[in-house]
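Undergrad: here is my input; please provide its structure:
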Amino acid sequence: MDMRRVIACLDVKQGRVVKGVNFIDFKDAGDPVELAAAYAAEGADEVVFLDITATYENRRTMVELASRVSKELEIPFAVGGGFRTVDDIRGMLHAGANKVSVNSAAVLEPTLIDKASQLFGGKALVCAIDAKKVNGAYNKWEVYVNGGHKATGIDVVAWAEEVARRGAGEILLTSMDRDGTKDGFDLALTRAVARTVDIPITASGGVGTLEHFAEGILEGEADGVLAASVFHFGEITIRQVKEYLASQGISVRLDPAW
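TA: Numbers count the residues shown, from 1 in each chain. Purely as a prediction, here's the structure:
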């Protein structure tokens, strides 16, 4: 089995980390740079910063954040939220981000994926997909944009296949139905996408226990597992996750000091 990744997600609003449930009811969770550094020290493989209320005015704040983080972290980090052009992506990569995550703009103009992957390489481009179950349909999910506020009518699995074909290096797949619930990943969703594309899939949305992390990999077939609230509020540590995954026969990077 390939090495699996444990990723900490930091939703950023006006320069602070927040966490909500089902994309609403946000609570303050701390300073993004301090939290990211703490997660790196615990053994996180990557950190993802998502500007959840991205606007043109917030762009400078996120660029400054990326610059600060790049001086503190030795592990890869990605930034997402509000990227509309290749110039937006270029600016964030130049600020120090290893990867940029695109979502709404890519749905609106899919050629953004082609252009960005050609200019910066697929490894620098993550496509985030916010997915919600279609009522009354078996194993069918719809793509949502604008921070989860707008339905698109686009089938998630078909969209995942398209972004992979256009050159995205990986997919960050979030279940809106499970977000912040601590009920576990939507394993059927993750598995459906993982079996359709040949690029890495990170499962997001719903982690509440150590078992959920393992299920995301063993049953959801994800390459990476991402969490936010259980890390931010000290319920589970990244070290605990890594040690538990290893105990389940899952290959992960372990700190030799452990």
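Undergrad: and the next element down the chain from the helix ranked longest in the chain?
TA: Taking DSSP state H as the criterion, the chain has its longest helix at helix 59-72. Downstream of helix 59-72, the first helix or strand assigned by DSSP states H and E is strand 77-80.
Undergrad: and that next one, how far from the chain's centre?
TA: 8 Å (C-alpha atoms, centre = their mean, to the nearest Å).
Undergrad: so what touches it?
TA: Residues outside strand 77-80 that contact it (C-beta atoms under 8 Å, 6 or more residues apart in numbering): 36, 46-51, 62, 65-66, 69-70, 92, 97-103, 126, 128, 172. Every C-beta, even on glycine, is put in place using the N, C-alpha and C of the backbone.
Undergrad: and that strand, which strands flank it?
TA: Strand pairing for strand 77-80, using DSSP bridges, gives strand 46-51 (parallel), strand 99-102 (parallel).
Undergrad: dump that strand to PDB, restricted to CA.
TA: What follows is strand 77-80, C-alpha atoms only, in PDB (Å, rounded to 0.1, in the frame of the first residue of the first chain):
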ATOM      1  CA  PHE A  77       0.800  23.500   2.300                       C
ATOM      2  CA  ALA A  78      -2.000  24.400   0.000                       C
ATOM      3  CA  VAL A  79      -4.200  27.500  -0.200                       C
ATOM      4  CA  GLY A  80      -7.700  27.700  -1.600                       C
END
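Undergrad: so residue 8, which of the three states?
TA: Reduced to three states with DSSP: H, G, I helix; E, B strand; the rest coil, the structure at residue 8 is strand.
Undergrad: excluding chain neighbours, what is closest to the residue positioned nearest the centre of the chain?
TA: Per C-alpha atoms, centre = their mean, the C-alpha nearest to the average position across the chain is that of residue 172, at 4.4 Å. The shortest distance from residue 172 to any non-neighbouring residue, by C-beta to C-beta, 6 or more residues apart in numbering, is to residue 128 (4.3 Å).
Undergrad: ok, of the contacts of strand 77-80, which come out buried?
TA: By neighbour count, with 16 or more other C-beta atoms under 10 Å, the contacts of strand 77-80 hold 36, 46-51, 62, 65-66, 69, 92, 97-103, 126, 128, 172 as buried.
Undergrad: before we move on, the earlier item: so which of the strands paired with strand 77-80 comes closest to residue 179?
TA: Ranking the strands paired with strand 77-80 by their distance to residue 179 (criterion: C-beta to C-beta) puts strand 46-51 first, at 11.8 Å.
Undergrad: could you check the angle helix 59-72 makes with that closest one?
TA: Calculated by axes from the mean of the first three to the mean of the last three C-alpha atoms, to 10 degrees, strand 46-51 forms an angle of 160 degrees with helix 59-72.
Undergrad: before we move on, the earlier item: for the helix or strand that the residue nearest to residue 172 is a member of, what is the average pLDDT?
TA: Secondary structure from DSSP H and E places residue 128 in strand 125-133. Average pLDDT, strand 125-133: 98.
Undergrad: just stretch 210-226 next, same as before
TA: 98.
Undergrad: what sits against the residue nearest to residue 172?
TA: 50, 80, 101, 102, 103, 171, 172, 173, 174.
Undergrad: return the distance of the strand holding residue 128 from the chain's centre.
TA: Centre to centre, stretch against its chain (C-alpha atoms, centre = their mean), the figure for strand 125-133 is 8 Å.
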